[in-house]
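>>> For reference, the sequence and a predicted model appear below.
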Amino acid sequence: MSTDVAEAPLEVKEPAEALLSKRRKRIVADPLNEDNPITVQVLGICSALAVTVQIKPTIIMSLAVVFVIVFSNLIVSLIRNSIPGRIRIIVQLAIIATLVTLVSEVLKAYSYDMYKILGAYVGLIITNCIVMGRLEAFAMANKPYDSVLDGLGSGFGYAWIILAVAFFRELFGSGSILNVKIYEPIGNMLGVTLQTNGLMVDSIGAFMILGIIIWIQRTKNGYVEH
Amino acid sequence: MQRSNTYIIIFSIALTIILGGALSLTSVGLKPLQDKQVELDTKKKILGAVMDISNIEDPNEILRIYSERVRSLVVDIEGNELTTDPKGNPYVAENVNIQKNSKLDPKDRAYPVFMFIENGEVEAYIFPTFGAGLWDWISSYVAFGKDLNTIKGIAFDHKGETPGLGARITEPGVQGRFVGKKIFDQNNNLVSVSVVKGEGKTGLSDYEVDGLSGATMTTKGVNVMLLHYLECYSAYIEKVKSQNS
């Protein structure tokens, strides 16, 4: 009995937040849909157009972006109190650039084919507004664990959109999914040749699909630009 | 919170040292692996011109086949073998940077020659070529049979051609269209092969290759590149031909 009494005040004083409390779930879930970096905040459009011709490079690109967002959020959040305010943007950029270079080097060493396809675009993650936006808006003012969750949310919010775009672009543009031919067998079955759509392999195709996704999403969520 | 200038400077220096250190460590640590990847990539392209290696997953298997089957040398524009580069180091054909070389005057370039060996005899001669596509560079390894006239295979690479249009030059189906084509006419003049405009043509001659719809500018680059490099190699080709006959 006596121990219970002694411990009770401690818990009341500082109730530990559940590992996945409602607030934290929102941190992860918001960027996936209602506050999506691409479709709602309209950030990171350039890479969404450039790397989404086929699904496989898109997967690698998504993983790279998730890695960079999560770890730069974590690092910045850990040292947020010692970063001098006047040079914080430079510090954030230096951390992002280091992580991106790491990804690029590892890719070159372990997956040279992907490095050849993605080389330039991986480097461009540095300029991806989503990453810096999260550091400045979230990691600079929040605890490490929350920042990691925020990074995961934004990273996957970015990832699922570009994967959706890549899925339709590869299907309609190259008639395949993950390099597995889809059009050919269907065409053979029906005895016709299915034409692939050249527009889809151009960036224009990405714009169109992205537009349609944004349209559907905003209709569903009732989001209006102010 | 405002911090003193000293703090900012010390912070920046510490950050630079930590991040720079992490980067140099990774770079040094991964260098051997990256070099191996680049080497593997080159050897894959060379072998890809003469045989189907798309089913071979194991990189070591590719390196083994390469060391067993391929001999290489470096020649100059006169067709004479070069043993040392301008700095006096021994030439290794695989390490000759085709892209850097292409910027030199044709007379000053080093021209690697790869020979594919079968039962102790040269089965195919493979020449690297380098040129400009529509957006960025294109390159190829083109393999000729023993007669140094008939194309045995070709493997293209490119940096930025449009996927689905110009980038189709890397598709096996498109590269297969070059097989069996010839580069010398009946009078033994070098005419090279040219990809024609338009796709699905029939009745093409031995020197014409069916085109790529929507990729005329890329194929023009291919034609210019092949003709230019075959001219550069022609002295060597003549030399080997006269030795063989």
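Right, received. Where do you want to start?
>>> Quick check: closest non-adjacent residue to residue A:203.
residue A:49 (4.5 Å; C-beta to C-beta, 6 or more residues apart in numbering or on different chains). The way it works is simple: take the backbone N, C-alpha and C, and place the C-beta from them, glycine included.
>>> Would you mind pulling the contact partners of the helix or strand containing the one you found?
Assigned by DSSP states H and E, residue A:49 falls within helix A:45-50. In this structure, residues lying in contact with helix A:45-50 by C-beta atoms under 8 Å, 6 or more residues apart in numbering or on different chains are A:38, A:61, A:65, A:121, A:124-125, A:127-128, A:158, A:161-162, A:165, A:203, A:206-207, A:210.
>>> Same check on stretch B:4-14?
A:82-84, A:86-87, A:90-91.
>>> Tell me, how many residues neighbour residue B:223?
When neighbours are counted by other C-beta atoms under 10 Å in any protein chain shown, residue B:223 registers 17.
>>> now the helix or strand harbouring it, how far from the chain's geometric center?
In this assignment (DSSP H and E), residue B:223 forms part of helix B:216-244. Mean-position distance between helix B:216-244 and its chain equals 13 Å (C-alpha atoms, centre = their mean, to the nearest Å).
>>> what sits against the residue lying closest to residue A:164 once chain neighbours are set aside?
Spatially, and ignoring its direct neighbours in sequence, residue A:164 is nearest to residue A:213 (6.2 Å; C-beta to C-beta, 6+ apart). Contacts for residue A:213 (C-beta under 8 Å, 6+ apart) come out as A:39, A:161, A:164-165.
>>> buried stuff in the helix or strand containing residue A:213?
In this structure, residue A:213 is located in helix A:203-221 according to DSSP H and E. The neighbour-count check on helix A:203-221 (16 or more other C-beta atoms under 10 Å in any protein chain shown) flags A:205-206, A:208-210, A:213-214, A:217 as buried.
>>> any residues touching stretch A:156-170, and which ones?
A:31-33, A:35-39, A:44, A:47-48, A:51-55, A:58-59, A:61-63, A:65-66, A:69, A:130, A:176-178, A:200-201, A:205-206, A:209-210, A:213.
>>> Which among the residues you listed count as buried?
For those, a burial check counting by 16+ other C-beta under 10 Å picks out A:31-33, A:35-39, A:44, A:47-48, A:51-55, A:58-59, A:61-62, A:65-66, A:69, A:130, A:176, A:200-201, A:205-206, A:209-210, A:213.
>>> From those, which land in strands?
Of the buried ones among the contacts of stretch A:156-170, the ones assigned to strands by DSSP state E are residue A:176.
>>> Up against chain A, what does chain B have?
B:1-3, B:7-8, B:11-12, B:15-16, B:19, B:22-23, B:26-27, B:30, B:33-34, B:37-38, B:40-41, B:162-165, B:214 (C-beta under 8 Å from any C-beta of the partner chain).
>>> Show me how to select, in PyMOL, the buried members of the residues you listed.
Buried subset of those, written as a PyMOL selection, criterion 16+ other C-beta under 10 Å:
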select buried, chain B and resi 11+15+19+26+30+34+37+40+162+163+164+165
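>>> where exactly do the strands run in chain B?
B:70-75, B:81-82, B:111-118, B:121-132, B:137-144, B:151-158, B:194-195, B:208-209.
>>> Just the residues contacting the second one, thanks.
What it means is strand B:81-82. Residues contacting strand B:81-82 (C-beta under 8 Å, 6+ apart): B:73-76, B:91, B:110.
>>> Run through who's touching stretch B:35-52.
A:108-110, A:112, A:115-116, B:53, B:59, B:62-63, B:65-66, B:69-70, B:94, B:114, B:116, B:123-124, B:126, B:128, B:140-143, B:152-155, B:157, B:172.
>>> Tell me what angle the longest helix along chain A forms with helix A:203-221.
Looking across chain A with DSSP state H, the single longest helix is helix A:144-174. Helix A:144-174 runs at 120 degrees relative to helix A:203-221, counting by axes from the mean of the first three to the mean of the last three C-alpha atoms, to 10 degrees.
>>> quick one: average confidence on helix A:144-174?
Mean pLDDT, helix A:144-174: 92.
>>> just to revisit the earlier point, could you dump the strands of chain B into CSV with mean pLDDT added?
Putting the strands of chain B into CSV (pLDDT from 0 to 100) gives the following:
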stretch, mean pLDDT
strand B:70-75, 87
strand B:81-82, 82
strand B:111-118, 88
strand B:121-132, 90
strand B:137-144, 91
strand B:151-158, 89
strand B:194-195, 88
strand B:208-209, 88
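>>> Rebuild those strands as JSON lines, extending it with mean neighbour count and distance to residue B:202.
Listed next are the strands of chain B as JSON lines, based on neighbours: other C-beta atoms under 10 Å in any protein chain shown; distance: least, C-beta to C-beta, whole Å:
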{"stretch": "strand B:70-75", "mean neighbour count": "18", "distance to residue B:202": "36"}
{"stretch": "strand B:81-82", "mean neighbour count": "14", "distance to residue B:202": "43"}
{"stretch": "strand B:111-118", "mean neighbour count": "20", "distance to residue B:202": "31"}
{"stretch": "strand B:121-132", "mean neighbour count": "20", "distance to residue B:202": "27"}
{"stretch": "strand B:137-144", "mean neighbour count": "24", "distance to residue B:202": "24"}
{"stretch": "strand B:151-158", "mean neighbour count": "23", "distance to residue B:202": "19"}
{"stretch": "strand B:194-195", "mean neighbour count": "21", "distance to residue B:202": "15"}
{"stretch": "strand B:208-209", "mean neighbour count": "20", "distance to residue B:202": "11"}
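>>> got a list of what residue 200 touches?
I went with chain A, as the question did not name one. By C-beta under 8 Å, 6+ apart, the contact set of residue A:200 is A:168-169, A:172-174, A:209.
>>> switch to chain B, that's the one I care about
B:210, B:213.
>>> Look up phi and psi at it.
Note on residue B:200: backbone dihedrals following degrees, to the nearest 10 are phi 90, psi 20.
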